[in-house]
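Visitor: Take a look and give me a structure for this.
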Amino acid sequence: MCPREGNHLSCSKKCNKKMNILIILLLGFHGAEAVLHSLSYGYTASSGIPDFPEFVTIGIVDGQPVSYYDSIIREEIPKQDWMKQTEGPEYWDMQTKISVQAEKGFKVSIENVRRRLNQTKGVHIVQKMYGCKWDDETDRVSGFNQFGYDGEDFLTFDLKTQTWIAPKQQALLTKMKWDRDQLKFKLDKQYLTHECIGWLKQYIDNGRKSLMRTDRPTVSFLQKSPTAPVTCHATGFYPNRAAMHWKKDGVEIHDNVDMGEILPNNDGTFQMSIDLSSVKLDDETKYECVFQLSGVDDITHELKKEVIKTNEKTATVTIIIVIALVVLCTLILAGVGLFIYKKKNVKRPPSPVSDPEVEQELNPKV
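Guide: Purely as a prediction, here's the structure:
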């Protein structure tokens, strides 16, 4: 048994940037559900995207990327020091073999689905995400397993009803076949609610010092021009279970407020921002930006004219935020909406693995 694939090697800066893009999309998909602990793996097989790996796998524990593989480096590598220190060469060798196998199957799946949908060649994506969640206070567990194509849902496993959801008509045949496979349901449920949870607990124990830490953010007020919205920007916080809101004269406000997404930083921490328009700074009105982080008392910063950084002083920060959002939007428009992957072989630990059924079920000849 082994949790995922990978071997020791450092990723190049280019690979790190690509991985961060995928993490942005992955976290964006699951960020709405606040859970105490989670383990997820995502596979992305793509075609027609210049300078982008044709196959990528990412393992994430509690918002931290812990393992990575792509079709360029062709090795599963640790993304956290504690993973490198606690797992030996055999672990990473096995994970690499699993990812190499998965790469072959999912690259074939792109062509299979494209032909089934009668599409021309171009930019196409087949994706899967799978994993589990565990609340260490209530001991409640849950799991997920979903497939996507070109940024849209293709098949989703409903663990409660033990049925597959097929939002696209082209996936109905696969849904009906999988719904009749009771053995498959039992194996899926066993993996998602037991084996995956076991690996999650092991990872949490191994990386407790890093995973259980709390990093407070640096908070800044930014404004491009005197008439532009004021941005309250928080960066460097961990974990990613965070929220922000504006207060006016001590009361939380929602009008003229624009909340941004939580985005990952290169160092494993996170950043987010919230904009407030129609701000009138005077002696009678008091505005406050409130940052809330899981396990930490609210952090409140009063908005004053002298602490607002202008466009010139904050060019670097602004560019970083804009680039991250532009890249995210561009990829989504190009069909790169990261989807969810799950591993079904209960003899394997939680990590991207080859899935013969996926290739078979998505093959138009079946």
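
Visitor: Can you show me the helices along the protein?
Guide: 13-30, 81-86, 89-116, 172-179, 182-190, 196-206, 208-211, 315-333, 356-361 (DSSP state H).

Visitor: Run through this structure and note the low-pLDDT ranges.
Guide: 1-35, 311-366 (pLDDT under 70).

Visitor: Which segments of it make up each domain?
Guide: Using automatic domain parsing, the domain ranges for the chain come out as 13-210+334-361, 218-328.

Visitor: Buried deepest among these, which one?
Guide: Of all these, domain 13-210+334-361 carries the top mean neighbour count, a mean of 19, counting by mean count of other CB atoms under 10 Å. For every residue, glycine as well, the C-beta is placed using N, CA and C.

Visitor: distance between that domain and the chain's centre?
Guide: Distance, stretch centre to chain centre, for domain 13-210+334-361: 10 Å (CA atoms, centre = their mean, to the nearest Å).

Visitor: can I assume I60 is in contact with H37?
Guide: No: between I60 and H37 there is no contact under CB atoms under 8 Å: 11.5 Å.

Visitor: Spit out the residues that contact these two alike.
Guide: Counting by CB atoms under 8 Å, 6 or more residues apart in numbering, I60 and H37 have no contacts in common.

Visitor: quick one, strands of the stretch 201-350 of the chain?
Guide: Ranges of strands within the stretch 201-350 of the chain are 218-223, 230-237, 242-248, 251-253, 257-259, 263-264, 270-276, 287-293, 299-302, 308-310, based on DSSP state E, counting those that start in this stretch.

Visitor: how near is I72 to F52?
Guide: Distance of I72 to F52, computed by CB to CB, to the nearest Å: 9 Å.

Visitor: swap that for T214, please
Guide: Relative to F52, and taking CB to CB, T214 is found at 35 Å.

Visitor: likewise S142?
Guide: S142 is 32 Å from F52, by CB to CB.

Visitor: cool, and F157?
Guide: Following CB to CB, the distance that separates F157 from F52 is 28 Å.

Visitor: which stretch among the strands of the stretch 201-350 of the chain comes nearest N118?
Guide: N118 lies closest to strand 263-264 among the strands of the stretch 201-350 of the chain, at 36.8 Å (CB to CB).

Visitor: name the helices or strands packed onto the closest one?
Guide: Packing partners of strand 263-264 (3 or more CB pairs under 8 Å, 6 or more residues apart in numbering; DSSP states H and E): helix 13-30, strand 270-276.

Visitor: let's see it at 6 Å
Guide: Counting contacts by 3 or more CB pairs under 6 Å, 6 or more residues apart in numbering; DSSP states H and E, strand 263-264 is packed against helix 13-30.

Visitor: gap between E252 and K280?
Guide: Distance from E252 to K280, by CB to CB: 18 Å.

Visitor: Next: H301.
Guide: In terms of CB to CB, H301 sits 18 Å off from K280.

Visitor: got it, and K309?
Guide: From K309 to K280 the distance is 19 Å (CB to CB).

Visitor: Which residue is the nearest non-sequential neighbour of M272?
Guide: I262 (4.7 Å; CB to CB, 6 or more residues apart in numbering).

Visitor: Quick check, that neighbour in contact with Y238.
Guide: No: contact criterion CB atoms under 6 Å: I262 and Y238 do not qualify, at 11.0 Å.

Visitor: Look up how far L211 lies from the closest residue to H37 other than its chain neighbours.
Guide: In space, and not counting its chain neighbours, H37 is closest to W134: 4.8 Å by CB to CB, 6+ apart. W134 sits 13 Å away from L211, going by CB to CB.

Visitor: Likewise for T96?
Guide: 24 Å.

Visitor: Kindly report the same for D275.
Guide: Distance from D275 to L211, by CB to CB: 31 Å.
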